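# this is the structure alone, sequence omitted:
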Ligand code: ZN
């Protein structure tokens, strides 16, 4: 079911989401949450979505990058469910992309994040998994998982001059963007 997106200002986006317990992951409630997240992500045109964005205070996020080619990188991540994820930086080097967010509509901002990361998490069946991501994918993963810590990309913009309305972005800036 498509759910409304919570926008910046909604407190659900500003708290650390709750970790799921094994019994949560095997519940019907969780199966339905995954369906709602996927339906909502597809409907609103995101490449990732986190549970707090549909008002659910739980550490769950989805990312799906299918055969996408952006910024000269072939990006392929089949639909992946991250439950209770933990990120570790694998690179001290930062890279920047223009990011957007369904919860911050109409804006773009330039954010620098570690270039390479490792995520350990549980998948949709509660099995432990590990993903190493770099480049644009690393930024997408960090953006989505930040939502589970109550962090929005605007918090990570170092210079407020690097925040733009979408229309002005397209006119004056457009180069490297994520939605
Ligand atoms: Zn977002």
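Cool, the structure landed. In this text, all values refer to a predicted model and were calculated from it rather than measured experimentally.

# what residues sit buried inside stretch 147-159?
Of the residues in stretch 147-159, 147-148, 151-154, 156-157 count as buried by neighbour count, 16 or more other C-beta atoms under 10 Å. (Glycine included, C-beta is placed from N, CA and C.)

# what's next to that stretch, contact-wise?
Stretch 147-159 is contacted from outside by 8, 13-17, 50-53, 59-61, 85, 99, 101, 103-104, 107, 109-113, 143, 146, 163, using C-beta atoms under 8 Å, 6 or more residues apart in numbering.

# go with 6 Å
Stretch 147-159 is contacted by residues 14-17, 50, 52, 59, 99, 101, 109, 111, 143, 163 when judged by C-beta atoms under 6 Å, 6 or more residues apart in numbering.

# endpoint to endpoint, it covers what distance?
By C-alpha to C-alpha, to the nearest Å, the extent of stretch 147-159 from end to end equals 21 Å.

# for it, the distance to its chain's centre please.
Distance of stretch 147-159 from the chain centroid (C-alpha atoms, centre = their mean, to the nearest Å) equals 11 Å.

# which residues touch residue 108?
The neighbourhood of residue 108, defined by C-beta under 6 Å, 6+ apart, consists of 98, 100, 164, 166, 169.

# helix or strand for it, which one?
strand 107-114 (DSSP states H and E).

# immediately after that strand, which helix or strand?
Assigned by DSSP H and E, the successor of strand 107-114 is strand 116-122.

# can you list the strands that the very next helix or strand once past that next one pairs with?
As assigned by DSSP H and E, the chain's next helix or strand after strand 116-122 is strand 128-134. When pairing is defined by DSSP bridges, strand 128-134 lines up against strand 116-122 (antiparallel).

# give the buried residues for the partner strand.
Under 16+ other C-beta under 10 Å, the buried positions of strand 116-122 are 116-117, 119, 121-122.

# number of nearby residues for the nearest residue to residue 63 once chain neighbours are set aside?
Spatially, and ignoring its direct neighbours in sequence, residue 63 is nearest to residue 48 (4.1 Å; C-beta to C-beta, 6 or more residues apart in numbering). By other C-beta atoms under 10 Å, the residues close to residue 48 number 25.

# now do residue 48 against residue 141, distance only.
8 Å (C-beta to C-beta, to the nearest Å).

# for this structure, which segments count as helices?
Listed in chain order, the helices of the chain (DSSP state H) span 22-25, 28-44, 136-146, 166-168.

# any residues touching the second one, and which ones?
The reference is to helix 28-44. Helix 28-44 is touched from outside by 1-3, 24, 49, 54, 62, 102, with contacts defined as C-beta under 6 Å, 6+ apart.

# show me which of those residues are buried.
Here, 16+ other C-beta under 10 Å leaves 3, 24, 49, 54, 62, 102 buried among the contacts of helix 28-44.
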